[in-house]
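>>> Build the 3D model from these lines:
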Amino acid sequence: MAQPQISYLVPLNEKYEEDTEVPQIPIFRGLNFIGRNSISVSEKRLSRKHLTLTASPNGSASLVVEGNNPVVVNSGSNRKKLYSRENGTICDGDVIELIPGHYFFKYVTLGGDKNMPVSGSNNGRETGESDALSRKRLRQTCETDASEKNLKILDMEKKSKVEGSNKVTGSSLSKRDCNEEAIRQFHVSVDNLPLTFRLLSVQGLPQWANTSCVSIRDVIQGDILFAVLSNYMVDMDWLLAACPLLAKVPQVLVVHGEGDGTLDHMKRSKPASWILHKPPLPISFGTHHSKAMLLVYPRGVRIIVHTANLIHVDWNNKSQGLWMQDFPWKEPNKPSRGCAFENDLIDYLGALKWREFSVSLPALGSFTINSSFFKKFDYSNAEVRLIASVPGYHTGNNLKKWGHMKLRTALQECTFDREFKRSPLVYQFSSLGSLDEKWMAELAASMSSGLSEDKTPLGPGEPLIVWPSVEDVRCSLEGYAAGNAVPSPLKNVEKAFLKKYWAKWKASHTGRCRAMPHIKTYTRYNDQKLAWFLLTSANLSKAAWGALQKNNSQLMIRSYELGVLILPFKRRSSGFSCTTRKIVENNCESSENSKAQKVELVTLNWQRSSNTVSSSDEVIKLPVPYELPPQPYTSEDVPWSWDRKYYKKDVYGQVWPRQVQLYSNQNS
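Model prediction:
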């Protein structure tokens, strides 16, 4: 006997208006399959049985995602993303996005008002208290009538999350409780920009996912007198088109890591006054990998440390990060002491060994541009520590100056909350070197450095590696092409001892599940709190971080890298800006000269509790792009490696390997 029709799915356009060109989908009592065939499209991201709806007599329905790609349910002001095999419930008026941001359908019961506007829209219907109450009751009815199987699954998941979570009073979040779109609320005031880092904007994401994110034009702006651009890959054609302001800068020094073929094109396409420099690489298989900008203005210098190559796909299609801070010129004839940030910066710039040259800065005079030139700026309010790598065999006083030994030294100088004793670590990056267990222990010893409040060591932390799976890459915004920027060979990825480290790339709270990571971050965390956070160009490799040799008396590094270490100490920044007129506070003391006020570093999913932070403490939210704690790989997850063949077609119908265009002048 045929089951009676309970409801139907009304197709909507992007303005949440009914799309009369697409047929409605009837929903019958019991099990219904919704997918590619239901709406007659060839979209490969939609499975033939993309989701199941089990409709109840009262009009509510339980939903289970059957396909590989997520589904979004909008109910009132709540927007919840459900992943493969996750379940939920829907009621009259709820809107389903079969693919996030695409294929909108409103769930309408036969007893409901077909013309009722979608929740959250302003189609002329006022929303009063009685409507909110009735909707709340309807939601409660939906939950009550959910299938017994779904309730058991939810109970089991909740129980396992509670048992497995870190027991931190007041700020603990389970995965199911986390804010799926937390970045919506991430708004950074101008004064607080130096206190945090930001993600780069990504094309193809909904607007909310780019809240407080930046593009290259957001940072390269204003009356720039002179610039140093440091990077690995540089597409000169794209750079000048994407940021035409640069073509007006009288002189630019480009420090790069390009090979001869690309270098020839750079020489032909660069402005005549620009200078190209490739730093020396004294040890084979090294690269100049650091990504930074130093922009000199009439009022000071802007220093930017980021993770994107100067190519289109890196600034538009991938998960990337950026930190910047502006510093004023030092006052003439006034003695000033250096600080740790200045010393580290000058040492690093000196190691690049570019040939000195002169520039004439309007109203300021002529200057010789070498590393010492950058001593002319006041870095006393620096909000981070620089962690750099320089190729060479480092011994004696230089042993702790670079690489992971520099990070170890910086952390050893810090005292952290006792909750971080033996807390876990996360390594997240985009290229994996040839590793062994001995070196992993060496790196973990540096990452685990620091003292607790009782002056005892924090103790070792267990690391996890956040790394995209083959399915992540296949279903990404770029399809398999994204794997070109995750260049790790199978021989490095398949090592047996690494299996215990793999964790999933999950980034729903920042909207970046499908924006593959080129960002590199390392952190120590407890639930949603961070002991410290490092944004860097350094991938997980001995070449980048260095390896101890000769009974730990020598550190061998192959490549140049640069990163910023964010620590939980407030330095009372003046909020100085090179591009906007502000009064510089001269009474600000560096934390090196005064007792530093502790702050809390937290993720976007952290929630305030009266038990955790005193009124005198400040909370700094960092847009860590992936979710904490990371979820370990399951037996079905396969870590991406770029030299394998993949025959299952990606979202563009492509297989791998395939040619990927990275430069404007390349033939596609």
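>>> Bridged to the residue nearest to residue 292 when sequence neighbours are not counted, which residues?
Distances taken as Cβ to Cβ, 6 or more residues apart in numbering place residue 230 nearest to residue 292, at 4.4 Å, with adjacent residues excluded. The C-beta positions use only the backbone N, C-alpha and C, and glycine is treated the same way. Beta-bridge partners for residue 230, by DSSP bridges, are residue 255, residue 292.
>>> looking at it, residue 230 is touching residue 562, isn't it?
Yes. If you go by Cβ atoms under 8 Å, residue 230 and residue 562 touch, sitting 7.3 Å apart.
>>> okay, now the residue nearest to residue 292: neighbour count?
Residues near residue 230, counting by other Cβ atoms under 10 Å, number 29.
>>> ok, now which ones touch it?
By Cβ atoms under 8 Å, 6 or more residues apart in numbering, the residues touching residue 230 are 255-256, 288, 290-294, 352, 562.
>>> who touches both of residue 230 and residue 562?
Shared contacts of residue 230 and residue 562, counting by Cβ under 8 Å, 6+ apart, come down to 290-292.
>>> Looking at those, which is nearest residue 78?
In terms of Cβ to Cβ, no member of the shared contacts of residue 230 and residue 562 lies closer to residue 78 than residue 291, at 38.3 Å.
>>> Can you pull the phi/psi pair for that closest one?
For residue 291, the backbone dihedrals are phi -130, psi 110 (criterion: degrees, to the nearest 10).
>>> quick one on the thing from earlier: return the distance of the residue nearest to residue 292 relative to residue 42.
45 Å (Cβ to Cβ, to the nearest Å).
>>> those helices in this structure, which residues are they?
Taking DSSP state H as the test, the helices found in the chain are 36-39, 129-144, 148-164, 216-219, 236-242, 260-269, 312-316, 340-352, 403-412, 437-447, 470-474, 490-493, 542-545.
>>> export these to CSV and tack on distance to residue 660?
Shown next, in CSV, are the helices of the chain (distance: least, Cβ to Cβ, whole Å):
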stretch, distance to residue 660
helix 36-39, 28
helix 129-144, 46
helix 148-164, 39
helix 216-219, 21
helix 236-242, 15
helix 260-269, 15
helix 312-316, 8
helix 340-352, 30
helix 403-412, 31
helix 437-447, 30
helix 470-474, 12
helix 490-493, 18
helix 542-545, 23
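>>> burial of residue 425, as a residue count?
So residue 425, with other Cβ under 10 Å, has 19 neighbours.
>>> from what I can see it touches residue 460, true?
No. The criterion here is Cβ under 8 Å, and residue 425 misses it with residue 460 at 9.0 Å.
>>> Mutual contacts of these two, please.
Taking Cβ under 8 Å, 6+ apart as the criterion, residue 425 and residue 460 both touch 444, 448.
>>> Can I get the helices of the chain in JSON lines including mean pLDDT and mean neighbour count?
Formatted as JSON lines, the helices of the chain follow (pLDDT from 0 to 100; neighbours: other Cβ atoms under 10 Å):
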{"stretch": "helix 36-39", "mean pLDDT": "79", "mean neighbour count": "17"}
{"stretch": "helix 129-144", "mean pLDDT": "39", "mean neighbour count": "13"}
{"stretch": "helix 148-164", "mean pLDDT": "39", "mean neighbour count": "12"}
{"stretch": "helix 216-219", "mean pLDDT": "94", "mean neighbour count": "17"}
{"stretch": "helix 236-242", "mean pLDDT": "96", "mean neighbour count": "19"}
{"stretch": "helix 260-269", "mean pLDDT": "92", "mean neighbour count": "13"}
{"stretch": "helix 312-316", "mean pLDDT": "97", "mean neighbour count": "22"}
{"stretch": "helix 340-352", "mean pLDDT": "97", "mean neighbour count": "19"}
{"stretch": "helix 403-412", "mean pLDDT": "98", "mean neighbour count": "22"}
{"stretch": "helix 437-447", "mean pLDDT": "98", "mean neighbour count": "17"}
{"stretch": "helix 470-474", "mean pLDDT": "97", "mean neighbour count": "22"}
{"stretch": "helix 490-493", "mean pLDDT": "97", "mean neighbour count": "15"}
{"stretch": "helix 542-545", "mean pLDDT": "98", "mean neighbour count": "25"}
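>>> For residue 389, find the nearest of those helices.
Distance to residue 389, taken as Cβ to Cβ, is lowest for helix 403-412 among these, at 4.7 Å.
>>> Start and end of stretch 463-482, how far apart?
By Cα to Cα, to the nearest Å, the extent of stretch 463-482 from end to end equals 25 Å.
>>> Give me the buried positions along stretch 317-336.
Buried positions in stretch 317-336, judged by neighbour count with 16 or more other Cβ atoms under 10 Å: 317-330.
>>> swap that for stretch 25-38, please
Using 16+ other Cβ under 10 Å as the test for burial, stretch 25-38 gives 25, 27, 29, 32, 34-36, 38.
>>> least confident pick among those residues?
Of all the buried residues of stretch 25-38, residue 38 carries the smallest pLDDT score, 79.
>>> my guess is that one contacts residue 23, does it?
No. Using Cβ under 8 Å, residue 38 makes no contact with residue 23, being 9.3 Å away.
>>> pLDDT wise, what is residue 273 at?
Note for residue 273: predicted pLDDT of 94.
>>> any idea how this protein splits into domains?
Domain ranges of the chain: 5-109, 190-566, per the TED database.
>>> mean pLDDT for those: which is lowest?
domain 5-109 - the lowest mean pLDDT of the domains of the chain, at a mean of 85.
>>> Distance across it, terminal residue to terminal residue?
So domain 5-109: terminal residues 9 Å apart, Cα to Cα.
>>> what about the residue lying closest to residue 256 once chain neighbours are set aside, how many neighbours?
Once flanking residues are discounted, residue 256 sits nearest to residue 234: 5.0 Å by Cβ to Cβ, 6+ apart. As a burial measure, residue 234 scores 24 neighbours (other Cβ under 10 Å).
>>> can you give me the strands for the stretch 151-300 of the chain?
198-199, 226-230, 252-255, 275-277, 292-296, 300-306 (DSSP state E, counting those that start in this stretch).
>>> Can you lay out the buried residues of stretch 317-336 as TSV showing distance to residue 438?
Below are these laid out as TSV (distance: Cβ to Cβ, whole Å):
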residue	distance to residue 438
317	37
318	32
319	31
320	32
321	30
322	34
323	32
324	37
325	37
326	43
327	41
328	46
329	47
330	46
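>>> so of those, which ones are in strands?
321-328 (DSSP state E).
>>> tell me which of those residues is nearest to residue 260?
In terms of Cβ to Cβ, no member of those lies closer to residue 260 than residue 322, at 29.6 Å.
>>> Which residue comes closest to residue 267 once chain neighbours are left out?
Once flanking residues are discounted, residue 267 sits nearest to residue 276: 6.7 Å by Cβ to Cβ, 6+ apart.
>>> Specify the beta-bridge partners of that neighbour.
Residue 276 forms beta bridges with residue 254, as assigned by DSSP bridges.
>>> So what's the residue count around it?
The number of residues packed near residue 276 is 17, by other Cβ under 10 Å.
>>> didn't it look like it was pressed against residue 254?
Yes. Counting by Cβ under 8 Å, residue 276 does reach residue 254; the two are 5.2 Å apart.
>>> picking up where we left off before, can you tell me which of the shared contacts of residue 230 and residue 562 comes closest to residue 54?
Using Cβ to Cβ, these come closest to residue 54 at residue 291, 50.2 Å.
>>> Now residue 241. Nearest residue, chain neighbours left out?
Spatial nearest neighbour of residue 241, chain neighbours left out: residue 664 (7.6 Å); criterion: Cβ to Cβ, 6+ apart.
>>> Could I get the contacting residues of that neighbour?
235, 237-238, 241, 312.
>>> Present those as CSV; the columns should include distance to residue 201.
Listed next are the contacts of residue 664 as CSV, based on distance: Cβ to Cβ, whole Å:
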residue, distance to residue 201
235, 18
237, 21
238, 16
241, 17
312, 13
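>>> ok, now how distant is the nearest residue to residue 454 once chain neighbours are set aside from residue 352?
Leaving aside its chain neighbours, residue 454 sits nearest to residue 418 (6.6 Å; criterion: Cβ to Cβ, 6+ apart). As judged by Cβ to Cβ, residue 418 and residue 352 stand 41 Å apart.
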